[in-house]
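Colleague: could you look at this predicted model? Sequence included:
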Amino acid sequence: EGLVQSTIYGRLVRELGRRAPVPGHDETKAEGEGAPPPGDVESDRTKRRRLRGGVDGAASFEVRRLPVRLDEIRDRRGFSPVDWEYCDEQKFNVVARREGFSDGAGGDDDARALLLQGHADVVPADGSDDWTDPPFSPFVRDGRMYGRGSGDMKAGVVAMIYAVVALRRMGLVPRGSLAICTVVEEECTGNGALASPLGTLLPLSSRLSKTAVIIPE
């Protein structure tokens, strides 16, 4: 899980955003960075979108690791007791989130939020499964990828990440808040999702927001 989540984290930073700020180190993008050359005309609406990372700002999504803290989730509904420790380097969730914005026109779109969520863990590859090739060495045969977890659910995780990447590359920016999250332990305890409640993933989401969740499994 740790290796998979680290890979997802690195890919999200590369494709969509920036690492979450570290105390004492300013990794945020300067407000004026990416501005058009002097003399170019920029509309107020485009400027607002750019300054929020909406047009050409590489830092439009804040990407962070979310550790699983037993003392924070053990009293939550759905908690599963475990007999192992949650190491920050092996057991953590990943989230890339982008705050929504208003272009001044108002309307329902400004209050919408979307969460795309998937899991990074897989069930064990038992010898009785009759694998003909190493289960953790993926390969492509006749146009199909084989390997433990390729369908459940790496395919869905890739799809949800690159759906957002594709929109960004086309210059399409949703006004509502958007978060992409991958969690651990879906196949066993469910504690990964429990450690990443909606309020953590989409801080500005509220009861007044029209929040949708898509799990592409």
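Modeller: Yes, it's here.

Colleague: all contacts plus neighbour counts: C-alpha atoms, from now on.
Modeller: OK.

Colleague: what segments of the chain are helices?
Modeller: In the chain, the helices defined using DSSP state H lie at 2-16, 44-51, 70-73, 155-169, 191-194, 198-201.

Colleague: which stretch in these has the least confidence?
Modeller: Ranked by mean pLDDT, those end with helix 44-51 at the bottom, a mean of 48.

Colleague: out of the helices of the chain, which one sits most buried?
Modeller: helix 191-194 (a mean of 23; mean count of other Cα atoms under 10 Å).

Colleague: so what touches that one?
Modeller: Contact with helix 191-194 is made by Val68, Ile73, Arg76, Gly78, Phe79, Ser80, Phe92, Asn93, Val183, Val184, Glu185, Glu186, as judged by Cα atoms under 8 Å, 6 or more residues apart in numbering.

Colleague: wait, what's in contact with the first one?
Modeller: Residues counted as contacts of Val68 (Cα under 8 Å, 6+ apart) are Tyr86, Asp88, Lys91, Phe92, Asn93, Asn191, Gly192, Ala195.

Colleague: name only those of those that count as buried.
Modeller: Lys91, Phe92, Asn93, Asn191, Gly192, Ala195 (16 or more other Cα atoms under 10 Å).

Colleague: centroid residue for this protein?
Modeller: Ile180 (2.5 Å; Cα atoms, centre = their mean).

Colleague: gap between it and Gly190?
Modeller: 18 Å (Cα to Cα, to the nearest Å).

Colleague: now, which of the contacts of Val68 sits nearest Arg64?
Modeller: Each of these was scored against Arg64 by Cα to Cα, and Asn93 proved nearest at 8.5 Å.

Colleague: for Glu217, give me its contacts.
Modeller: Gly118, Asp152, Met153, Gly156 are the contacts of Glu217 under Cα under 8 Å, 6+ apart.

Colleague: right, I mislabeled it, should have said Gly2
Modeller: Glu89, Gln90, Lys91, Phe92.

Colleague: mind putting these in a markdown table, pLDDT included?
Modeller: As requested, these are exported to a markdown table (pLDDT from 0 to 100):
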| residue | pLDDT |
| --- | --- |
| Glu89 | 88 |
| Gln90 | 88 |
| Lys91 | 92 |
| Phe92 | 96 |
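
Colleague: shaky segments in this structure?
Modeller: 20-59, 102-110, 128, 204-208 (pLDDT under 70).

Colleague: mind running it again at 90?
Modeller: The chain contains residues with pLDDT under 90 at 1, 17-60, 85, 87-90, 99-112, 124-132, 168-177, 197-211.

Colleague: do a quick rundown of the strands in it.
Modeller: All strands of the chain, identified by DSSP state E, fall at 17-19, 61-67, 92-98, 112-119, 139-141, 144-146, 177-183, 210-214.
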